[in-house]
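Asks: Coordinates for the following, if possible.
(one chain, ligands or ions: 1)
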Amino acid sequence: MARKGFITTNLHSDRRGEPEHGVLHKPVHPSVAYGYSDARDLAAVFQGKRAGYNYGRQMNPTVTALQDRITAMEDGLATIAFATGMAGIAAIMLTLLRQGDHFIASSFLFGNTNSFFGTLQNFGIEVTFVDATKASEVESAIRENTRLVFVETIANPVTQVADLANIGQLCQQRGLIYCVDNTMTSPHLFQPKSVGASLVINSLTKYIGGHGNALGGSVTDTGLFNWESYDNIVDTYRKGDKTLWGITQIRKKGLRDMGASLGPEAAHHLAVGSETLTLRMDKACQNALVLAEFCENHPRVSRVYYPGLTSHPQHELASTLFGNFGAIFSLDLDAQLDCFDFLNKLDVVIASSNLGDTRTLAIPVAHTIFYEMGPERRASMGIGDSMIRFSVGIENTEDLLQDFEQALA
Ligand SMILES: *Cc1c(COP(=O)(O)O)cnc(C)c1O
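Replies: This is a model prediction of the structure:
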């Protein structure tokens with residue numbers, strides 16, 4: 001049978017196997033624990049000899065259904081869901097790295113990821129930040145104790161596009177774990193497996209959930225990394241199917257021991273939201289391009305950052321890799337305009353910190369999400385005081401255009 005398309009596979013995934021009562025939507029299962037009429041079965045589940053559920057911190061049927069959807073979307077091997085995207089990132093780093101290890105990260109990172117990588121240094125895990133738009137910069141930073149490379153697809157807020165394919169090749173040649181945060185592109189625009197990613201992170205809170213009503217994160221193992229050669233897999237998990245060693249360690253240590261588990265209600269919201277990912281994302285990308293082009297030609301805007309603009313340094317790369325350009329763009333206002341005055345004039349667009357919602361949101365970056373890191377680090381990331389980031393939603397294009405027109409007038 002021919003392999004079905006992205007949307008069809010996702011929509012019908014709940015009905016694979018034999019869903020309870022023939023349900024079309026996977027139900028919310030709030031039960032924390034599971035009873036067994038034969039106590040030997042309970043033991044077998046604990047020992048991993050039999051499939052089944054034991055305690056909600058590690059597994060829940062509603063969450064499993066969501067994990068399977070993400071695995072299908074990313075064309076991966078297996079996925080673990082977490083309470084948030086940050087919990088997923090933390091689980092990877094804390095379970096796969098040890099004191100004395102080194103990793104390389106893009107300098108252009110989500111603010112909280114950047115902050116967390118700083119925290120890791122307190123535990124003796126070293127990080128080097130490099131310009132990930134050039135694989136050569138990553139290569140120069142590799143040391144003997146380098147274990148892992150971490151990049152985002154399209155960075156936020158300046159929208160740099162990482163040199164994803166070349167970094168992938170490099171990681172493969174040097175035996176490094178390649179982590180790609182796919183949040184900004186989502187598996188609809190891009191599958192990091194296609195550039196050799198080992199682990200793919202998605203903040204489900206953003207485009208996959210898409211409605212700003214539930215937090216969640218996921219880590220997908222693409223099956224491309226050879227875990228047998230990775231010393232940091234502990235003996236307990238060096239058993240059975242070798243391809244699953246990495247994701248098992250992330251699940252057991254990261255989820256079971258650290259406990260940032262996704263709840264079933266949130267999983268349900270995220271799963272329902274994911275069904276319209278492609279429709280929402282296509283519309284949001286289309287709106288973003290129209291608005292970015294409008295702003296680029298507006299005299300009161302000094303600069304626009306959006307991979308869809310031919311002026312963007314990685315425009316060609318983004319069009320080859322993603323086929324579309326995402327729904328985030330940023331701008332620097334003309335020096336005469338105050339960013340707060342401009343934001344307050346916007347009527348349809350809401351001043352808010354989230355992204356990937358159906359509604360268009362805007363945030364003055366230097367004064368909010370990147371405030372804590374201070375002016376120097378901001379400058380090194382290309383973030384000026386008047387920069388505003390937009391997360392473009394799915395409103396009627398005309399209404400957004402009019403809102404920008406009147407607010408800039
Ligand atoms: C939001 C975000 C995260 C963190 O996700 P949460 O679900 O908010 O914890 C990680 N990476 C990127 C690129 C993000 O935009």
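Asks: Would you mind naming what in the protein lies close to the ligand?
Replies: With the criterion set to C-beta under 6 Å from any ligand atom, the chain comes near the ligand through 84-86, 110, 113, 152, 156, 181, 183-184, 203, 205-206, 215, 217. In this view, the C-beta of every residue, glycine as well, is placed from N, C-alpha and C.
Asks: what pLDDT, on average, does stretch 241-250 get?
Replies: Model confidence over stretch 241-250, given as mean pLDDT, is 97.
Asks: same question but for stretch 202-218, I mixed them up
Replies: When the per-residue pLDDT values of stretch 202-218 are averaged, the result is 98.
Asks: Give me the buried positions along the longest helix belonging to the chain.
Replies: With DSSP state H applied, the helix covering the greatest number of residues in the chain is identified as helix 277-296. Taking 16 or more other C-beta atoms under 10 Å as the neighbour-count basis, helix 277-296 is seen to contain the buried residues 277-278, 280-281, 283-296.
Asks: Figure out how far that helix is from the centre of its chain.
Replies: Helix 277-296 sits 19 Å away from the centroid of its parent chain (C-alpha atoms, centre = their mean, to the nearest Å).
Asks: and if you look at stretch 98-109?
Replies: Centroid separation for stretch 98-109 versus its chain: 17 Å, with C-alpha atoms, centre = their mean.
Asks: residue contacts, the residue nearest to H25 when sequence neighbours are not counted?
Replies: Counting by C-beta to C-beta, 6 or more residues apart in numbering, the nearest residue to H25 once its immediate chain neighbours are dropped is D14, at 5.9 Å. Shown here is D14, whose contacts under the criterion C-beta atoms under 8 Å, 6 or more residues apart in numbering are 23-26, 65, 271.
Asks: For D14, give its distance to L361.
Replies: Distance, D14 to L361, by C-beta to C-beta, to the nearest Å: 30 Å.
Asks: Over to E20?
Replies: 37 Å.
Asks: which of those two has more neighbours?
Replies: Neighbours per residue (other C-beta atoms under 10 Å) separate E20 from L361, with L361 holding more: 20 against 10.
Asks: Contacts for stretch 339-347, please.
Replies: Contact with stretch 339-347 is made by 333, 349, 351, 362, 364, 367, 385-388, 403-404, 406-408, as judged by C-beta under 8 Å, 6+ apart.
Asks: Same question for stretch 349-363.
Replies: Judged by C-beta under 8 Å, 6+ apart, the contacts made with stretch 349-363 from elsewhere in the structure are 156, 183, 203, 205-212, 280, 287, 327-328, 343-344, 346, 348, 368-369, 388-395, 400, 403-404, 407.
Asks: just stretch 30-43 next, same as before
Replies: In contact with stretch 30-43 (C-beta under 8 Å, 6+ apart) are residues 45, 50, 52-56, 264-265.
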